[in-house]
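>>> Take this sequence and fold it.
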Amino acid sequence: MQVVAQRLPALLVLTRMAGARELLTRVRPVLRGGQMDSSSLMASMKRLEENGLQVQEIQKLAAQHQWSNESVASLINLLNEKKFGAVDKSSKLAYAKHAKIPLKNKPRVAMFMHSLERNGANNFCLHLIRKLMGSQAFTVIFAPKEGPMRQDFEVLGLSVDIVDPSSKDFLVNLEQKIVEGGVGMVFANTIMRCDVVNLSHKLGLPTVWVIHEAWPQDQLDYYAKEVFMMKSLSSEMIKEAFSKCGCVVFPSNVQKDIYKGLYRPNAALTVYNGIPLTQLDAFRLSHDRNAVRKALGYGPEDFVVLHLGTICNRKGQIYTAQACADLVEKKHCKDLKCLMVGARYIRDHEIKYIDQIKETARASGLQYARWEDTPEEERGQAKITLMDIQADVLRFYMAADVVLVPSLNEVLPLVICEAMAFERPVVCSAIDAIPEAVDDGVEGILVPPADAASLSDAIFKLYQDPELRRKLGKAGRQRVLRQFSYDAMIARYGEVMDELIEDNLESKGPSVGDEPPQTSASSSNMAPLRMVGGWTVPPLNLKGTAETSACQVENPSKIAGRTILVDMDNTVVDWDGMFIKRYGRAIGADEARQKEIESKVRSREHFEIEHNFEEQERAKVMDVIASPGFFAELEPLPGAIEALKEMVDRGVDVRLVTAPHPVCPGPCANEKYDFLLRHFGSEWIDRMIITRDKTHVVGAALIDDKPAVTGSAASPPWNHVLFDQPYNRGVEGKSRLRDWVKWEEILSDALKL
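Next up, the predicted model:
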């Protein structure tokens, strides 16, 4: 069942006020996944209503805070079990509605990063902002130097400001920018932003500091100055920041223990990094593994060993090279191919390390190649291939047979969880927090660090046993679903930020306010919710529509009294136009490239947009579609809104029937409602139906650009009228609406009136 994206903060408030904190721990498993059909949900609501609680109150909260159907049902059942009095229940629900701080009342948040390079720590920031932009006021990104991720944040509408920490006036200039920018909250990413944490404390700003590193306390200077080349930092600065920061977040318990004694005990917490499975799973479903491997130069017979991560001493690629040499030379794994992704040529020590890998390969008689220097027809032939850092990495997981993480110093890299999400077995160093994610022999194999022989043996074990690879891969996927829930991670960070904001408001005196602003989702006259295609949506309210008043209109249409279903994307709104604009911005296209993109999209052959792009471009396509605001900011096609409003005025029952995009179903559904409110008004809310299967929605006609609208019903109860687009012009035998001017003529003809 499709579900709306889940958020915990409102549920947390509700359970706290109910005096039943244990409810939260019992609801959490449901938030992580599971299924509940509409009849079960409605039965649970009915039981609760019989016990005296107005179920409508819970429905309002569900809509306002985007709880899934499973979450609502679990909460209802658990409240029933606790047998709270009706008065108590209603008062708790009322408080929950009022407790959440409206976005417009929240402080502007500045995110401080240690770079704009593509790596796990920075990708974490990007994912976090994407999901929290609707509930936290992120406005600006500060970074010490330029990097390829600038455009990723600018696509989200954030400003990116480069500030040089090596400048003697760094902190003075930064303080001025913070004050002038009206920043009221700081989110500092990585231990290297200790300087910002100290400044934030000086300015009295609530701060969240996320620590991705695992630096021993007696080696803080070494790692800061020598490994990460941050000469301006010192162990004293780092320790001062730990002692002052009000909220320090660690992605693992082991890492939290490493810094024990530096931070205040009540200021530290652990939040495991979650994996955004929606995009990952969409990639898995929309790509053929053999085709992905072929694009990289690998055939079905190749055994592909993947090592993904910045190529440097800390990541241990030299041991991968040594292990692969042993496997080919001594264990006769002639079909083994090793792909290392993550080369960059910025720091001297990284360049020297790459040279060492080359020498290891050559000394063992193995063919070595740099992907970018290899002719297309020769790619995949070398035993060891190095590729530069890549923005889109999902294809590598799909191509791999085994994923290696033989790091020497690591916390809990996302690579491990992403590989497990793809059901790939992992071979990892048994260091730091890695054993918190992988049990030896269950999801992967753990080996000692800096031990090429053990690494070789582990790979060989998997090489010989396809069934073991499958078993570990399946277990890894389940571990991700169980422990590394993306929604739970995002919700926890949102909750932490809200708590800091509330604490800051309380310390300064003003209260949040007793009366929150009314919205369409929380207004007192909101009708009960209903289930359509697995989504919780408002019910149809036929009062005043064509079915009751067609005979009363002044100029009734020929099709008055009929129900006309209308798709939205590329039928009512210019979906392609938004994609062209955002995709060009995402890849940094110049004017000529932008024109190429527009030509390709506007004349495309395939309905599914990603199928019109090369394999290696498709992950970026999905990123653009999933970017916040994509569906909310769509522009109407010429005359569409005017035509639909005219249809209603002339007695036609219009229903907007639209499908949430599978790459971002929850945000997509929410944003389509935002679009509806902005362009049609709240009186049209009852006319919106969100469903993945349109074949069960009853109407006389469905206007849709999709060449063939299919679903579980073999014979849909409507006539399909094509809204003209290039990718459906090969379809014959259906009525076609080329623009909205002739809606009455085309529909009358289609319905043979």
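
>>> chain center to the longest helix seen in the chain, what's the gap?
Longest helix in the chain, counting residues (DSSP state H): helix 486-508. Here helix 486-508 is found 19 Å from its chain centre; the criterion is C-alpha atoms, centre = their mean, to the nearest Å.

>>> same question, stretch 626-633
Centroid separation between stretch 626-633 and its chain, computed with C-alpha atoms, centre = their mean, is 12 Å.

>>> Number the chain from 458, please
Will do, 458 is the new start, and the previous item becomes stretch 1083-1090.

>>> neighbouring contacts of it?
Defining contact as C-beta atoms under 8 Å, 6 or more residues apart in numbering, one finds that stretch 1083-1090 is touched by 587, 590-591, 612-614, 735-736, 1035, 1039, 1043, 1081, 1118, 1120-1121, 1124-1125, 1128-1129, 1131-1132, 1135. From N, CA and C alone the C-beta is placed, and that goes for glycine too.

>>> Give me the buried subset of those.
Buried members of the contacts of stretch 1083-1090, counted by 16 or more other C-beta atoms under 10 Å: 587, 590-591, 612-613, 735-736, 1035, 1039, 1043, 1081, 1118, 1120-1121, 1124-1125, 1128-1129, 1131-1132.

>>> for the longest helix of the chain, packing partners?
Secondary-structure packing of helix 943-965 (3 or more C-beta pairs under 8 Å, 6 or more residues apart in numbering; DSSP states H and E): helix 466-474, helix 479-488, helix 577-589, strand 640-646, strand 664-667.

>>> Centre-most residue in this structure?
For the chain, P733 is the residue whose C-alpha lies nearest the centre (C-alpha atoms, centre = their mean; 4.7 Å).

>>> so it sits right up against F941, yeah?
No. With contact defined as C-beta atoms under 8 Å, P733 and F941 do not form a contacting pair (10.3 Å).

>>> I'd like the distance between P882 and K931.
10 Å (C-beta to C-beta, to the nearest Å).

>>> returning to that earlier point: okay, and which of the buried ones among the contacts of stretch 1083-1090 map to helices?
Among the buried ones among the contacts of stretch 1083-1090, the ones falling in helices (DSSP H) are 587, 612, 735-736, 1035, 1039, 1043, 1081, 1124-1125, 1128-1129, 1131-1132.

>>> CSV for the residues you listed, including distance to N723 and pLDDT?
Formatted as CSV, these follow (distance: C-beta to C-beta, whole Å; pLDDT from 0 to 100):
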residue, distance to N723, pLDDT
R587, 30, 85
V612, 38, 81
T735, 35, 78
Q736, 36, 77
M1035, 46, 95
R1039, 43, 93
A1043, 41, 90
V1081, 42, 93
P1124, 34, 82
C1125, 39, 88
E1128, 38, 87
K1129, 42, 89
D1131, 39, 82
F1132, 44, 89
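
>>> so which of these comes closest to I808?
A1043 (29.3 Å; C-beta to C-beta).

>>> how near is the closest one to E611?
9 Å.

>>> and what of S942?
Applying C-beta to C-beta, the value for S942 to E611 is 29 Å.

>>> Which one of the two is surrounded by more residues?
Taking other C-beta atoms under 10 Å, S942 and E611 do not tie; S942 has more neighbours (21 against 15).

>>> circling back to that earlier point, so what's the residue nearest to the residue nearest to the centre of the chain when sequence neighbours are not counted up against?
Among residues not flanking P733 along the chain, Y943 sits closest, at 4.8 Å (C-beta to C-beta, 6 or more residues apart in numbering). Going by C-beta under 8 Å, 6+ apart, Y943 touches H584, K588, G731, I732, P733, L734.
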